[in-house]
Each structure stands twice: as C-alpha cells, then as structure tokens.
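Quick one, what's the 3D model for this:
(2 chains)
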2 protein chains.
Amino acid sequence: MLDRGFQYGDGLFETLQIVDGAVQHWQRHMRRLTRGCERLGIAMPDVATLSSESEQLSAGVSLGTLKITVTRGVGGRGYSVKGNLEATRVLTVFPAEEYPANTFPQSYWRQGVTVRLCDMRLGHNVTLAGIKHLNRLEQVLARAEWDDPGIAEGLMLDNNNNVIEGTMSNVFCIKTVLSHHKKATNNATTEVEGETVLLTPDLSRCGVAGITRERILETAQQLDIPVRETDLALTDLQQASELFLSNSLIGIWPVRRFMSQDYAVGSVTRRLSAALGFHVGDDANTGEPAHV
Amino acid sequence: MLDRGFQYGDGLFETLQIVDGAVQHWQRHMRRLTRGCERLGIAMPDVATLSSESEQLSAGVSLGTLKITVTRGVGGRGYSVKGNLEATRVLTVFPAEEYPANTFPQSYWRQGVTVRLCDMRLGHNVTLAGIKHLNRLEQVLARAEWDDPGIAEGLMLDNNNNVIEGTMSNVFCIKTVLSHHKKATNNATTEVEGETVLLTPDLSRCGVAGITRERILETAQQLDIPVRETDLALTDLQQASELFLSNSLIGIWPVRRFMSQDYAVGSVTRRLSAALGFHVGDDANTGEPAHV
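Numbers count the residues shown, from 1 in each chain, chains lettered A, B, ... in the order given. From the prediction side, this is the model:
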C-alpha cells in the first residue's frame, strides 16, 4: 500500500494477449513500456526477467490476457522521490473467460459495434500523451457513463473538440479527401481528385498510442493505403465511409453505428484486418476466437 | 494488486495532521473526501468507522501525519465497473520525523521559501478539478524537475499559462488593485483608489482545493480582507506585494523568492497566519513545531 503505483498512479501498464501459451507482440509492448519508463523516469525492469516470468505465467494458457504493471516502486513520502527506487513489477494472467474483451459477441467483429460519444474529456499533457500510464480516471469515468450492453465503446474528445480515442481502444476512419493537383502542362487548371486515406488521431497531447494502432499504421503503409495521424473533428467521422476501433485484445472492431449514423464494414477495414490476421465482417464466422 | 487504486489510480486521498493525538480539521477533510467520492461515483466509507480507526491510529502521536486513501475497490477487469463495489480504505500514520513536510527548516516559516516555476503543466478536467484523487503523475513529475534542497516548492501552470498551485500546496498572493469609483455627485469624475486583495487561483479546471486554502479564504473574509478566486498570470505574481503557500501539514509558508524576485513576509500574510494559529516571520521562533 506504500507502493507509488497505489499512492499516485506513478507507473505504467501493458495488456498483452496470450494465444496458445505465447504472449503476442512482446517486442512492441516492451518498446512502449521502455518508452513510458523513460518518459516518467522510472527504472525499467530487466526485460529478460519480465520475459521469463511472462512465459512461465502464460504456459498452458490457450487464450488469455497478461497484464504487466510497472511502478516507480516503494518509497518517498509525498511526491518527491529520493534516490533511485527499484521499480515494482506485477504480472497477472487472466483466462480468456474472465476478461471482458474476450467475452464480447461475435457480432462485434461480424457486423460491427455501436459506439457512443462520451461527455468526459481528455486533458492535455504532452509528457503523459501516448504512454500507457496508471493515471486512468478519465477512462474509468468515461466508461462509467453508460451501462447499456448494446453499446460497445465510447469515443472521447479532448478539450479542443478533437476526437482522440475510445475508452479502451484507438479509432480510425477512412475518408475520401480531395487532392488538388496542378497539371504540369497548364498551371491555370487545377484537377481535383478523390483520394482514400486512413485517418487516426494525433496523440501528441493526450491518448494512448496502442500496439495494434502501431501495427495498423505500418500495415496500411505496406498496402499503399495513405495514412495520416492528424487532428480529427466529429465532422470528419461523420463524413467517413468506414470507421473502426482497435486494441491488443479485440484486434479490430468495425463501427456499425455512431452518432445516429450507420457505417458498413468497408473494404479498407477488411483489407487491413485480413493483412493483420484479424477476421471482421463475414470472415468473422470462424468458430475460433473471433479476433485471433 | 487487483485494487482499482493500484490499477488506475481510481480513488482519492487525504493527508491530515495529527497534533497531540488529535487529527486536525477532521470535518473539513471528510467533507472533501465525500465530495470527491460523489464526483468519482465511489461508495464513501462510513465516516464513523473512519473516525474511530483514525483515532485509534493517532492515539499517542504527538506530531504526525495520517494518510487516508479510499479507492473504488477490487473488481472489474478493464475500466468498466460492474455493480457497486465496496470501497477500499487504507489508513496510515507517519510519525512527524518520517514525513518530509515536518522536517523542513524553521527558516521556511521565518524568512520564507524559494520557489521555482515548473515546466510540467496541469491538464484541464472539470470533473477531476478540485478533488484530491489518486492520478498524481503531473505532481510527481513536476516535483522530480529539481533536487536542489534550497528550493522548497515549484509552482505549476495550466496549458493556458494560468498559475494554478504548487506541487503540494496552494498559492496565494496579495496585490493592490485599482478600483474605479464614480463619484455620486459628479458622474464625469472617476476616482481611482488602491484596494489590497488576496488572490488565489480559480480551481474549477484543475488543481487541488486544499483544506488550509479553504480555511484561509474563510479567515480572510472574517478579517474583512477582500478575496478573489480568479485566473492568475505570472505577471500577477510578479506585481504582488506578498506571496505565500499553504497546505495542511506546513500551514503557511511565506514565499521569499520566485522568478528572480524577492518578497517580504508581509502584513497580510502575518495577519492571516496569526488568525489561523500559524507562526510565520519572526513569530516562527517558538521552539514548537513551527506550523502548529
């Protein structure tokens, strides 16, 4: 109880998927955790130790969740830290059936999810933006705004009315934007053509930069889908042809309905999902865990 | 470790001073804790139980600190909370010599303290503003910006460049502002006169509304010192004639130096301190714990 994680939320966490005893995307999670420790000035635990502990805990787990929490450690009364503390690490494995992300209906992947807009805003802090730290009251309070089981997720805005993320997921939209090309042969004529781009919020002031978000951005580039991390307004989402959510446990959820608007499970969402090994739309009827 | 306080900083705390076995300003702390629980939707523990536990722990402690932490409890995987959890309560007593606020030199009260300006900003969140919740990374990181023992505290701005508070204290300044009075007998003439007012930051968007801050504001009104809770810029502090800090453990610290400017331990700071039973300036040489 004297741990600074409990006292001040002075730490970080990672939520990893376990499939057939193997922790998924270990390197990426360790990179983010390392980045977070650097940002907060916490002594990053030895990765080899974390790895062997994670392997032990995950052995024999066919589908589950590994949560790794790292805090600054025990010590310091008040906010001040004297000297270098030894970080606290807590590793916990949850069997699939005990973790909500694994108990969602198949329809979430097949037909997509209904999403609401949260009242709770995300405050700006450039030092804390992007990392998965333990100060999560904004997410807790946003998630507490609804208990309708028909609503799978809520999107959150920052104080500038930018769309940032879901309470537990990142958000993407596919939009056709007009590009203005000047014809080389005639400077006076501008040709306007539509370009289909994948947009996701810039997370430099708030939000959590998800591991699956990172994989989606990389995959889109490999598939030659133009990508922009940018400020997104609600109107951008309303003008989008496709909308989807991502996190490490759910993979990709197409959004079916948001703010009285219906979206189809679109072709870009399908292409990205297929490339990443996620099953969405009709493909989701696999009998396997839908998102593996 | 499955407590939501540890997982998400999903809770609140109070830091109370113990003098001669008695917890100071119990009612005020319980009011703030209750307000915080309401704001976060946490089941407030029974106050009578908290009271008897606090009394037991504080018995025989001549000078010390009681820390009460209340979290939403154990339960819920992910941010969502199903059903009403029983709140977790943790009460810890620290003898005076183990708590930094009690180990500061007499000079902090006599001559005042040197204060720096922190780089870390406070993000806005109207739901979290004012209450003493467990998401304290901003304070932890601000406090980690310096380790010069000659600097007692750092002031923090919000993203709009408003002065909000110290990392562990509230801030007040005394300033002479010009009041424009229209003479009743002659509307065309405006008489300008100086009025000495006590200013402290508005905490409706961020910051912690301290118990001692509350007492200072009430006492100022009783002493007919005009008070304003308002947006304060750094220039307001630079134009101030007196500057001081407050919290429940230190009482009042006059600020001697901030941003290359020197301040005296002024008459308003002295009047307020005397009325509240704090000893500052020359009075601080009592041989007793300086702030009692």
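
Quick check: which ranges of the stretch 51-200 of chain A have low pLDDT?
A:99-102, A:180-191 (pLDDT under 70).

what about the helices in chain A?
A:4-8, A:26-40, A:47-58, A:107-110, A:137-143, A:211-222, A:234-238, A:267-276 (DSSP state H).

Which stretch among those is buried most, on average?
Ranked by mean neighbour count, those are led by helix A:4-8 with a mean of 26 (mean count of other C-beta atoms under 10 Å in any protein chain shown). Yep, even glycine has a C-beta here, placed from its N, CA and C like the rest.

Against which helices or strands is it packed?
On a contact count with 3 or more C-beta pairs under 8 Å, 6 or more residues apart in numbering or on different chains; DSSP states H and E, helix A:4-8 meets strand A:63-71, helix B:4-8, helix B:137-143.

The closest residue to A:Ala264 other than its chain neighbours: what's it in contact with?
Using C-beta to C-beta, 6 or more residues apart in numbering or on different chains and skipping residues adjacent in sequence, the residue nearest A:Ala264 is A:Glu242, 7.3 Å away. A:Glu242 is in contact with A:173-174, A:254, A:263-269, counting by C-beta atoms under 8 Å, 6 or more residues apart in numbering or on different chains.

Would you reformat the helices of chain A as JSON lines and include distance to B:Ala22?
Shown next, in JSON lines, are these (distance: least, C-beta to C-beta, whole Å):
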{"stretch": "helix A:4-8", "distance to B:Ala22": "25"}
{"stretch": "helix A:26-40", "distance to B:Ala22": "38"}
{"stretch": "helix A:47-58", "distance to B:Ala22": "47"}
{"stretch": "helix A:107-110", "distance to B:Ala22": "56"}
{"stretch": "helix A:137-143", "distance to B:Ala22": "32"}
{"stretch": "helix A:211-222", "distance to B:Ala22": "52"}
{"stretch": "helix A:234-238", "distance to B:Ala22": "54"}
{"stretch": "helix A:267-276", "distance to B:Ala22": "62"}
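
Nearest to B:Gly9, out of the ones you listed?
helix A:137-143 (6.0 Å; C-beta to C-beta).

hang on, A:Phe94 packs against B:Arg77?
Yes - counting by C-beta atoms under 8 Å, A:Phe94 does reach B:Arg77; the two are 6.3 Å apart.

how many other residues sit next to the residue in the stretch 51-200 of chain A that chain B sits nearest to?
Closest residue of the stretch 51-200 of chain A to chain B, C-beta to the nearest C-beta: A:Gly123 (2.8 Å). Under the neighbour criterion other C-beta atoms under 10 Å in any protein chain shown, A:Gly123 is assigned a count of 26.

Which residues of the stretch 51-200 of chain A lie near chain B?
A:65, A:69, A:72, A:77-81, A:90, A:92, A:94, A:98-101, A:120-121, A:123-125, A:127-128, A:133-144, A:159, A:167-168 (C-beta under 8 Å from any C-beta of the partner chain).

so what's the closest residue to A:Val93 other than its chain neighbours up against?
Setting aside the residues directly before and after it, A:Val93 is nearest to A:Leu57 in space (C-beta to C-beta, 6+ apart), at 4.6 Å. Applying C-beta under 8 Å, 6+ apart, we find A:Leu57 in contact with A:66, A:91-93.

Looking at the contacts of A:Glu242, spot the one nearest chain B.
A:Pro254 (20.3 Å).

Looking at the closest one now. What's its pLDDT?
Predicted confidence (pLDDT) for A:Pro254: 98.

How much space separates A:Asp10 from chain B?
For A:Asp10, the distance to chain B (C-beta to the nearest C-beta, to the nearest Å) stands at 5 Å.

Pull up the gap between that residue and A:Leu137, please.
For A:Asp10, the distance to A:Leu137 equals 14 Å [C-beta to C-beta, to the nearest Å].
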